[in-house]
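> output the structure for:
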Amino acid sequence: MGVLVLLIGLSIISWYIIGFKALYLARAQAESARFLEAFWQSKRMDAIYKTSEALRRSPVAQVFRAGYIELTKLKGGSSAAAAGAEDVNLGDLENIERALRRAQTSETTVLESKVPFLATTGSAAPFIGLFGTVWGIMNSFRNIGAKGAANLTTVAPGIAEALIATAIGLVAAIPAVMAYNYFVRRIRVLSAEMDGFQNDFLNIVKRHFFK
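Next up, the predicted model:
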């Protein structure tokens with residue numbers, strides 16, 4: 001019974017994570033697309049920053065915010081950064097690049113949160129179910145020994161209950177593995193978008209702030 005409760009608990013938690021991460025990643029993807037569209041259409045950094053404030057789930061927008069904030073610190077104010085009125089040196093550019101990398105690492109960590117639990121469930125649940133099956137079969141044989149009979153009426157109930165553990169283990173593991181692979185692919189896409197945006201942002205800074 002304890003094995004069944006554990007497997008059911010793993011399954012419930014996995015389905016909660018699947019639903020939560022599916023909605024979260026869908027919103028992150030949609031907001032990132034909106035931000036990138038606004039970024040390439042706008043010609044002022046401060047206007048883009050205002051847009052990013054409304055797109056909190058977009059990892060690309062958060063990377064931009066980190067780079068923009070670092071840029072304004074180096075330039076001494078948002079107006080200078082928005083207009084590109086002053087130059088930056090190589091050390092300043094490295095500071096901006098570090099800020100972008102830190103933001104990207106932070107956003108990747110947020111995107112990957114809870115997902116490893118699905119991998120753990122996918123790998124462990126079948127073995128937990130197998131353990132429950134083996135334990136149930138052992139109990140069935142003990143009952144046979146106690147009753148001194150090995151007919152179908154004696155064996156069938158125990159074997160059926162034992163096999164339920166394996167079935168529930170597979171029911172918990174299969175969706176978890178499928179969802180894990182799907183989420184990993186979606187996270188890789190968002191990570192690639194952050195990588196590309198980071199390079200584009202640095203190129204823009206070089207063009208407009210290096211004289």
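> can you list the low-confidence ranges for this structure?
Per-residue confidence for the chain (pLDDT under 70) gives these ranges: 76-91, 146-158, 209-211.
> quick one: list the elements packing against the top helix by length along it.
For the chain, the helix with the greatest residue count under DSSP state H is helix 152-209. The helices and strands touching helix 152-209, judged by 3 or more C-beta pairs under 8 Å, 6 or more residues apart in numbering; DSSP states H and E, are helix 2-41, helix 59-75, helix 90-112, helix 115-147. (C-beta placed from N, C-alpha, C; glycine too.)
> what's the angle from the third one to helix 152-209?
When you say that, I think you mean helix 90-112. 160 degrees (axes from the mean of the first three to the mean of the last three C-alpha atoms, to 10 degrees).
> who does helix 90-112 touch, helix- and strand-wise?
Using 3+ C-beta pairs under 8 Å, 6+ apart: helix 90-112 touches helix 59-75, helix 152-209.
> could you dump those helices to JSON lines with mean neighbour count and distance to Gln41?
Listed next are these as JSON lines, based on neighbours: other C-beta atoms under 10 Å; distance: least, C-beta to C-beta, whole Å:
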{"stretch": "helix 59-75", "mean neighbour count": "22", "distance to Gln41": "14"}
{"stretch": "helix 152-209", "mean neighbour count": "17", "distance to Gln41": "14"}
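> distance to Ala28 added to these, as JSON lines?
Output for those, formatted as JSON lines (distance: least, C-beta to C-beta, whole Å):
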{"stretch": "helix 59-75", "distance to Ala28": "6"}
{"stretch": "helix 152-209", "distance to Ala28": "6"}
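> centroid residue for this structure?
In the chain, the residue lying closest to the centroid (C-alpha atoms, centre = their mean) is Glu112, at 2.8 Å.
> contacting residues around Thr133?
Residues near Thr133 by C-beta atoms under 8 Å, 6 or more residues apart in numbering: 162-163, 165-166.
> how about a cut-off of 10 Å?
Counting by C-beta atoms under 10 Å, 6 or more residues apart in numbering, Thr133 touches 3, 159, 161-167, 169.
> quick one on the thing from earlier: of the helices and strands packed on helix 152-209, flag the one that's most buried.
Among the helices and strands packed on helix 152-209, the stretch with the highest mean neighbour count (mean count of other C-beta atoms under 10 Å) is helix 59-75, at a mean of 22.
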